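whatever this is, show me its structure:
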Amino acid sequence: MINSAINALVKYGMERDLIKPVDKSYVINQILEVLRLDSYEDNNLEQSFSLQEILSIITDYAVASGIIEDSIVFRDLFDTKIMGCLVPYPHEVIDTFNTLYKKSPKDATDWYYEFSQNTDYIRKYRIEKDLRWTAVTDYGKLDISINLSKPEKDPKAIAAAKLVKQSSYPKCMLCHENEGYAGKINHPARQNHRVIPLTIDNESWYFQYSPYVYYNEHCIVFNEKHIPMIINQNTFRKLFDFVKQFPHYFVGSNADLPIVGGSILSHDHFQGGRYEFAMERAQIEESFNIKGFEDVEVGIVKWPMSVIRIRHKDSERLVELAGVFLDKWRHYNDNDVFIFAETDGEPHNTITPIARKRGDIFELDLVLRNNIITEEHPLGVYHPHANLHHIKKENIGLIEVMGLAVLPSRLNREFLMLQDCIINHKDLWKNDETAKHALWVESFLPKYPSVTAENIQEILEYETGLVFVQILEDSGVFKRNKQGQDAFKKFICSI
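I've put the predicted structure just below:
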């Protein structure tokens with residue numbers, strides 16, 4: 001069976017153009033070394049295996065042979081090492097990308113995205129497990145997902161990780177030194193990972209795809225240097241430089257402060273891709289003229305968070321105006337709506353920017369953020385409030401800001417339990433996993449005259465969409481009421 005799996009994997013590599021027929025013996029020998037085998041028989045069996053099946057057979061063999069422990073973490077480390085035997089050297093990948101780029105940026109990214117899946121860096125068979133649906137709301141059609149593709153560590157791996165000495169290499173998950181890295185229990189293997197060097201605003205950056213692709217062609221653009229996230233006027237210039245190089249992609253940056261920022265604040269990076277988010281479809285509901293920038297379109301976007309959209313053919317005009325907005329917002333206070341730029345010397349105001357190009361027009365969305373905390377809201381005033389934590393407690397970063405909810409995997413299990421309780425009239429309060437949702441369920445069930453096994457899933461999905469709207473409204477600094485919107489206009493008019 002192991003010989004059949006090796007044969008199938010080599011065949012897979014040739015079919016996906018990762019290796020050539022002349023590489024066959026070399027690659028087989030590389031795989032044999034990893035498997036601690038000193039012989040191989042090409043049985044020429046034409047068995048049809050998917051990549052997932054091939055890697056499962058190989059990792060099962062490694063477990064049975066005592067090469068690795070039987071754990072999802074150790075299996076992932078091992079099958080990545082196996083896949084690394086098939087992946088071309090970085091310079092080959094870069095040369096192919098650059099050759100295609102000369103023809104068209106889209107051709108280059110199309111090839112690179114497919115390559116990242118073929119190498120199993122993007123585990124497509126896991127991504128397909130994610131639950132996804134849309135919810136029609138007052139702000140348009142929002143995207144909802146429950147992330148099931150990121151494997152949870154088992155107790156064995158967690159215990160083993162505590163014994164692993166912390167290393168400063170690579171410094172974080174984003175550093176370009178991850179390319180080809182063998183990984184360890186507390187750091188994923190990356191032998192099958194290749195990155196593309198870019199020059200952005202005369203600086204060295206890199207381009208890659210996210211292994212968990214939350215949306216189509218979800219890419220990460222990261223600084224060569226391991227330096228902290230920062231939002232300044234140069235950030236806007238860098239975003240547009242990327243959009244000019246890849247006009248079929250949007251790109252945005254998480255904010256640079258805790259609570260309202262991304263999960264990795266220690267390494268300057270952006271996220272982009274080829275996907276139309278609900279926020280992009282949202283319209284400007286009120287326009288403004290800014291003195292000195294009368295040629296720039298400026299408006300408030302109809303969105304649960306506080307978003308200013310600016311548009312112009314000349315991206316540098318947007319960079320200049322965005323710099324003015326950022327500088328004003330960094331120091332802006334409005335006691336009437338509980339906005340404080342800093343407390344005890346700690347800054348609170350920042351911006352999440354998103355850049356794109358529509359035809360000949362450049363567009364920049366500036367999402368105003370504030371990370372102040374209080375005794376009532378210890379995780380953040382402009383953060384999902386406690387009554388919504390049964391659905392989501394984590395930070396609201398760039399992806400959710402734009403209208404895609406990435407919800408925790410626990411909800412898959414909890415929602416199935418909720419469906420059972422609701423349909424069979426069981427007590428929601430008797431189990432901790434359903435009790436956390438009980439008040440929510442009791443609040444929306446009366447709206448539905450008929451709740452059946454056929455429509456309960458649809459009801460839960462719709463109501464989750466409404467919760468996501470509340471989460472975004474909680475995160476908005478200027479609320480969607482008259483007082484909040486008057487305060488929003490007051491801020492814009494102060495410029």
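
and the strands in the stretch 201-350 of the chain?
With DSSP state E, counting those that start in this stretch applied, the stretch 201-350 of the chain shows strands at 203-209, 219-223, 250-252, 269-273, 284-288, 297-301, 307-312, 342-343, 346-347, 349-358, listed in chain order.

who wins for proximity to residue 34 among the ones you listed?
Smallest distance to residue 34 across these (Cβ to Cβ): 24.2 Å, for strand 203-209. For glycine as for every other residue, the C-beta is placed from the backbone atoms N, C-alpha and C.

can I get the strands of the stretch 201-350 of the chain in CSV with distance to residue 77?
Output for the strands of the stretch 201-350 of the chain, formatted as CSV (distance: least, Cβ to Cβ, whole Å):
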stretch, distance to residue 77
strand 203-209, 19
strand 219-223, 21
strand 250-252, 31
strand 269-273, 24
strand 284-288, 49
strand 297-301, 44
strand 307-312, 41
strand 342-343, 44
strand 346-347, 40
strand 349-358, 34
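
how about the ones you listed in JSON lines, adding mean pLDDT, distance to residue 181 and mean neighbour count?
Formatted as JSON lines, these follow (pLDDT from 0 to 100; distance: least, Cβ to Cβ, whole Å; neighbours: other Cβ atoms under 10 Å):
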{"stretch": "strand 203-209", "mean pLDDT": "98", "distance to residue 181": "13", "mean neighbour count": "19"}
{"stretch": "strand 219-223", "mean pLDDT": "98", "distance to residue 181": "15", "mean neighbour count": "23"}
{"stretch": "strand 250-252", "mean pLDDT": "98", "distance to residue 181": "25", "mean neighbour count": "24"}
{"stretch": "strand 269-273", "mean pLDDT": "98", "distance to residue 181": "17", "mean neighbour count": "23"}
{"stretch": "strand 284-288", "mean pLDDT": "97", "distance to residue 181": "45", "mean neighbour count": "13"}
{"stretch": "strand 297-301", "mean pLDDT": "98", "distance to residue 181": "41", "mean neighbour count": "19"}
{"stretch": "strand 307-312", "mean pLDDT": "98", "distance to residue 181": "38", "mean neighbour count": "22"}
{"stretch": "strand 342-343", "mean pLDDT": "96", "distance to residue 181": "39", "mean neighbour count": "12"}
{"stretch": "strand 346-347", "mean pLDDT": "96", "distance to residue 181": "35", "mean neighbour count": "14"}
{"stretch": "strand 349-358", "mean pLDDT": "98", "distance to residue 181": "30", "mean neighbour count": "22"}
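
looking at those strands, which is nearest to residue 81?
Evaluated over the strands of the stretch 201-350 of the chain, closeness to residue 81 peaks at strand 203-209, with 19.2 Å, by Cβ to Cβ.

residues of stretch 214-232 that come out buried?
214, 215, 217, 218, 219, 220, 221, 222, 223, 226, 229, 231 (16 or more other Cβ atoms under 10 Å).

quick check, the fourth one in contact with residue 249.
Looking back up the chat, that one is residue 218. No: Residue 218 lies out of contact with residue 249 (Cβ atoms under 8 Å); the separation is 10.3 Å.

which neighbours do these two share?
Common contacts of residue 218 and residue 249 (Cβ atoms under 8 Å, 6 or more residues apart in numbering): residue 273.
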